[in-house]
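Participant: What follows is a predicted structure for the sequence shown.
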Amino acid sequence: MSEPHQDIWVMCDWLGGEVQRIVRSAAPQELFERLHLAREHRELIDWLRQDARRRQQRRTPINFDIFHNPELIEAVAADFNHSCVYCERRSADAGVGHFRPLAEPVPLIMGDDKNHYAWLAYEWRNLVYSCPDCEGLKGPQFPVEGLRARYLATYDEVCKSDKNLLVDTTRESPLQHFDFLFDGRCFPLTPRGQISASELVKLSSHVISTGLSDSVAGRRHAVLEGPS
């Protein structure tokens, strides 16, 4: 049996503990009401139901200012332990991102609409906490096996229909797909883990350049040696 060849450096909040699936809280309804997300969602859906040619004449009406709201950022951050969903670093500049992209998902699949997944813009379970580097590097990447979920499907239908190839740590344990080593590396154990590694290794390259390896070494020493 061949050894997995991809390795990814990750922020080692798991040192001395156990890597677990991220359990999402219920959507903060009072906050959603204050942000008028129901109205924003209705307007977005009405626009997405228009003919594709008509939609090409206007920018997708997503209110991106909402994702910069401090209360929303804090609510999402709390679900992710204030750590980036991709590199697991804590960053003062991290904010709200989207696991499924809001336009032109990559790779393009025959029959895809350029606004595919845009209807999930305000879906609580599609919101993730991510640092600017990872968010920019991931971009619209969202590979799937076969066809994507039908246009305008509910979130539950999307999750059931999509055979997404990126590991979703809010729906499954990363331990199913990765072996986390004590020195801060993780190796893929499954085909989906391998595909995620090929994407996330791009995301994690900036982590090494920001001195994560020194952080890992220091924290590993602290675990081994105990407090000074």
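Facilitator: All right, it came through fine.
Participant: Just to be sure, Val76 is in a strand?
Facilitator: No - counting by DSSP: H, G, I helix; E, B strand; the rest coil, Val76 is not part of a strand but helix.
Participant: if I read this right, it contacts Ser130, doesn't it?
Facilitator: No - judged on CB atoms under 8 Å, Val76 makes no contact with Ser130 at a distance of 9.4 Å. All C-beta spots, glycine's among them, are computed from the backbone N, C-alpha and C.
Participant: Next up, phi/psi of the residue nearest the centre of the chain, please.
Facilitator: Closest residue to the average C-alpha location of the chain: Phe99 at 3.8 Å, with CA atoms, centre = their mean. Main-chain torsions, Phe99, degrees, to the nearest 10: phi -70, psi -50.
Participant: same deal with Ala92?
Facilitator: Per degrees, to the nearest 10, the backbone of Ala92 is at phi -70, psi -20.
Participant: just the one 3 residues further on next, same as before
Facilitator: Here is the backbone geometry of Gly95 (degrees, to the nearest 10): phi -160, psi -160.
Participant: Next: Leu127.
Facilitator: The phi/psi pair for Leu127 (degrees, to the nearest 10) is phi -80, psi 130.
Participant: quick one: it from Asp179, how far?
Facilitator: If you measure Leu127 against Asp179 using CB to CB, to the nearest Å, the figure is 29 Å.
Participant: what sits in contact with each of Val76 and Ser130?
Facilitator: Val96 (CB atoms under 8 Å, 6 or more residues apart in numbering).
Participant: Low-confidence regions, this protein specifically.
Facilitator: 1-20, 183-185, 199-228 (pLDDT under 70).
Participant: All the strands of the chain, residue numbers only.
Facilitator: 8-9, 95-98, 127-130, 178-180, 185-188 (DSSP state E).
Participant: so how far is the fourth one from its chain's centroid?
Facilitator: What that stands for is strand 178-180. The chain centroid and the centroid of strand 178-180 are separated by 18 Å under CA atoms, centre = their mean, to the nearest Å.
Participant: Just the buried residues of that strand, please?
Facilitator: Judged by neighbour count (16 or more other CB atoms under 10 Å), strand 178-180 contains these buried residues: Phe178, Phe180.
Participant: Adjacent strands (with direction) for it?
Facilitator: In the sheet, strand 178-180 lines up against strand 185-188 (antiparallel) (DSSP bridges).
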